[in-house]
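> Below is the sequence, then the predicted model.
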Amino acid sequence: MKQYVSVEARFDEDGNLLPLRICWEDGRCFEIDKITDVRFAPSLKSGGVGLRYTCRIGSNQRYLYFDENRWFIESI
């Protein structure tokens, strides 16, 4: 299932969109410690396709997708 989230992001000097922080509906926010991969890929758990960011948040790895100007994360 797709979980739409708010994301704080920035564009770098090369024009790449980089997510910095994920915020849930309840107000909790988590800093993205590291982005290890960026590629156009389908969400196998949630359906849909988009620019997939492999993010390290603390000790967890999550896939964050940017699709049609919205951000979503795969629900666990």
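Ah, there it is.

> How about the contacts made by the residue nearest to the spatial centre of the chain?
With distances taken as C-alpha atoms, centre = their mean, residue 64 lies nearest the centre of the chain, 2.4 Å away. Remark: with contacts taken as C-beta atoms under 8 Å, 6 or more residues apart in numbering, residue 64 is in contact with 5, 7, 19, 22, 32, 52-53, 55, 71-73. Placement of C-beta: from N, CA and C, glycine included.

> in which helix or strand would I find it?
strand 60-67 (DSSP states H and E).

> Ok, residue 52 next?
Using DSSP H and E, residue 52 falls within strand 49-57.

> partners of that strand, with directions?
If you go by DSSP bridges, strand 49-57 pairs up with strand 34-42 (antiparallel), strand 60-67 (antiparallel).

> What residues sit buried inside the longest one?
When you say that, I think you mean strand 34-42. Within strand 34-42, the residues that count as buried by 16 or more other C-beta atoms under 10 Å are residue 38.

> Could you pull up the mean pLDDT of stretch 3-21?
Per-residue pLDDT values across stretch 3-21 average out to 96.

> what comes into contact with it?
Identification of contacts with stretch 3-21 by C-beta under 8 Å, 6+ apart yields 22-25, 29-32, 35, 38, 51, 53, 55, 64, 66, 70-75.

> repeat for stretch 28-48
Under the criterion C-beta under 8 Å, 6+ apart, residues 1-2, 16, 18-23, 49-58, 61, 63-65, 67, 72, 74-75 lie in contact with stretch 28-48.

> Please work out how many residues are found near the spatially closest residue to residue 50 that is not a sequence neighbour.
Distances taken as C-beta to C-beta, 6 or more residues apart in numbering put residue 67 closest to residue 50, at 3.0 Å, once the chain neighbours are dropped. The criterion is other C-beta atoms under 10 Å. On that basis, residue 67 has 16 neighbouring residues.

> roughly how far apart are residue 67 and residue 15?
When C-beta to C-beta, to the nearest Å is the yardstick, residue 67 and residue 15 sit 19 Å from each other.

> likewise residue 36?
When C-beta to C-beta is the yardstick, residue 36 and residue 15 sit 20 Å from each other.

> that older thread, kindly present the contacts of residue 64 as a markdown table, with separate columns for distance to residue 42 and neighbour count.
Rendered in a markdown table, the data for these read as follows (distance: C-beta to C-beta, whole Å; neighbours: other C-beta atoms under 10 Å):
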| residue | distance to residue 42 | neighbour count |
| --- | --- | --- |
| 5 | 19 | 19 |
| 7 | 19 | 20 |
| 19 | 19 | 18 |
| 22 | 20 | 22 |
| 32 | 21 | 20 |
| 52 | 8 | 19 |
| 53 | 14 | 24 |
| 55 | 17 | 22 |
| 71 | 16 | 21 |
| 72 | 12 | 21 |
| 73 | 14 | 21 |
